[in-house]
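Engineer: Show me how the following folds:
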Amino acid sequence: MRERFHETDISCGSLGENLTTEGLLEEKVRAGGAFEIGSARLAATQPRLRRFKLGIRFGTATVIKSFLES
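Structural biologist: Next up is the predicted model:
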């Protein structure tokens, strides 16, 4: 994403995420899975799908497909 949309700030939280982690890759987290961060126990319930607001933020609707592919 950063290579294709280098002119847009993609810092932590800029895509609307409520939780940002480092080293916890999406392909390692599955719906129904649980993990702990400090004293908090978190459960993955469903993937979050980006819609029109992501297209508005990046100025193009094609970003949604790129985001899902990444």
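Engineer: Relative to Ile37, how far out is the most centrally placed residue in the chain?
Structural biologist: Nearest to the mean C-alpha position of the chain, counting by C-alpha atoms, centre = their mean, stands Glu17 at 6.1 Å. Computed as C-beta to C-beta, to the nearest Å, the Glu17 to Ile37 distance reads 14 Å. Using the backbone N, CA and C atoms, a C-beta is placed for each residue, glycine as well.
Engineer: Could you do Phe67 as well?
Structural biologist: 24 Å.
Engineer: Looking only at neighbour counts, state which of the two leads.
Structural biologist: Phe67 (16 against 10; other C-beta atoms under 10 Å).
Engineer: Could you give the number of residues near Val63?
Structural biologist: When neighbours are counted by other C-beta under 10 Å, Val63 registers 19.
Engineer: Buried residues, the helix or strand encompassing it. List them.
Structural biologist: Applying DSSP states H and E as the criterion places Val63 in helix 62-69. By neighbour count on 16 or more other C-beta atoms under 10 Å, the buried set for helix 62-69 is Val63, Ile64, Phe67.
Engineer: Can you lay out those as TSV showing distance to Arg57 and pLDDT?
Structural biologist: Below are the buried residues of helix 62-69 laid out as TSV (distance: C-beta to C-beta, whole Å; pLDDT from 0 to 100):
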residue	distance to Arg57	pLDDT
Val63	8	79
Ile64	11	77
Phe67	10	74
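Engineer: Include distance to Pro47 when you put those into JSON lines, please.
Structural biologist: Shown next, in JSON lines, are the buried residues of helix 62-69 (distance: C-beta to C-beta, whole Å):
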{"residue": "Val63", "distance to Pro47": "17"}
{"residue": "Ile64", "distance to Pro47": "14"}
{"residue": "Phe67", "distance to Pro47": "12"}
